[in-house]
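> mind looking at a prediction? Sequence and model below.
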Amino acid sequence: MGLKEELQSEVGDIFATRWSTRDGDVVPEAEDVGLGNDSVRFDEVAILYADLAESTALVGEHSDSFAAEVYKAFLQCASKIVRQKGGEITAFDGDRIMAVFLGDHKRTDSAKCGLQIHYAVRNIINPAIKKQYPRSTYTVTHAVGIDVSQVFVARTGIRGSNDLVWVGRAANYAAKLSNLREGNFATWITADVYDRMNESSKEGGDPKRSMWEQRSWTRLPGVTLYRSSWRWPV
């Protein structure tokens, strides 16, 4: 059997085989889900994407070692903050990470996580770059996107080379929100996240004032977003 026939057979099986689905309450490992049409369903999870901005210019205009240092610093800080806020990292994709938050406080925890990543970029990473490379004009910028929805987790790939894929609105929206670039607004969440967050993630400062601005998503009319330029100390 040639490759074309093999692929035709396998794709046909994917569409013809009934799914075996079970409810989940913890983030699964890849080996917990079968390579066939096996899946885990979560009624509601918050998904966060943290994306390093302008990475094409970074690697094109700076040395490989400097770009690698920036990547490592950003991903290290984002990963540690996600873990500290109770999230689970589910994927690294070049210059960004994907994380999942479960539990009763997933909206509040993921939103604070976004604000803390912004703090780390502005107050830890960029000062460290300036200290080590005083002549450099490079400044790290980024965006975090967060949404909440039901998701469907399946295992994709081939034997010996596979991973989990998170299928649902939250994964799609969070990834797209992390690509938004509007000034100093680094954290973007949907109304479904904002509306049920704890007040501690909505207001800050003295006197108290909103940390978020409501926006309409021009890319998807009818979807309400909230953006923030605030930083939450780690």
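That came in fine, so what should we check first?
> the helix or strand of the chain with the lowest mean pLDDT pairs with which strands, parallel or anti?
Least confident helix or strand of the chain, by mean pLDDT, DSSP states H and E, is strand 161-167 with a mean of 82. Looking at strand 161-167 with DSSP bridges, its partner strands are strand 142-158 (antiparallel).
> now do the contacts for residue 102.
Applying C-beta atoms under 8 Å, 6 or more residues apart in numbering, we find residue 102 in contact with 25-27, 42, 45-46, 88. Where C-beta positions appear, they are placed from N, C-alpha and C, glycine not excepted.
> that's a helix at residue 83, yeah?
Yes - under DSSP: H, G, I helix; E, B strand; the rest coil, residue 83 sits within a helix.
> wait, it touches residue 101, no?
No - counting by C-beta atoms under 8 Å, residue 83 sits too far from residue 101 to count as a contact (11.2 Å).
> the more surrounded of these two?
Between residue 83 and residue 101, counting by other C-beta atoms under 10 Å, residue 101 is the more crowded of the two (24 against 13).
> please name the bridge partners of that one.
With DSSP bridges applied, residue 101 shows beta-bridge pairing to residue 46.
> show me what contacts it?
So residue 101 contacts 45-48, 85-88, 107, 109-110, 113 (C-beta under 8 Å, 6+ apart).
> tell me the contacts of the residue nearest the centre of the chain?
In the chain, the centroid-proximal residue (C-alpha atoms, centre = their mean) is residue 49; its distance is 1.3 Å. Contact analysis of residue 49 by C-beta under 8 Å, 6+ apart lists 96-99, 144-146, 174-175, 177-178.
> now it: closest residue in space, sequence neighbours ignored.
Spatial nearest neighbour of residue 49, excluding adjacent residues (C-beta to C-beta, 6 or more residues apart in numbering): residue 178 at 3.9 Å.
> so which of the contacts of residue 102 are in strands?
42, 45-46, 88 (DSSP state E).
> any chance of TSV for these, columns pLDDT and neighbour count?
Formatted as TSV, the ones in strands among the contacts of residue 102 follow (pLDDT from 0 to 100; neighbours: other C-beta atoms under 10 Å):
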residue	pLDDT	neighbour count
42	91	21
45	96	24
46	97	28
88	94	15
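> for those, which one is nearest residue 185?
Closest to residue 185 out of the ones in strands among the contacts of residue 102 is residue 46 (19.3 Å), distances taken as C-beta to C-beta.
> what is the neighbour count of residue 215?
Neighbours of residue 215 using other C-beta under 10 Å come to 15.
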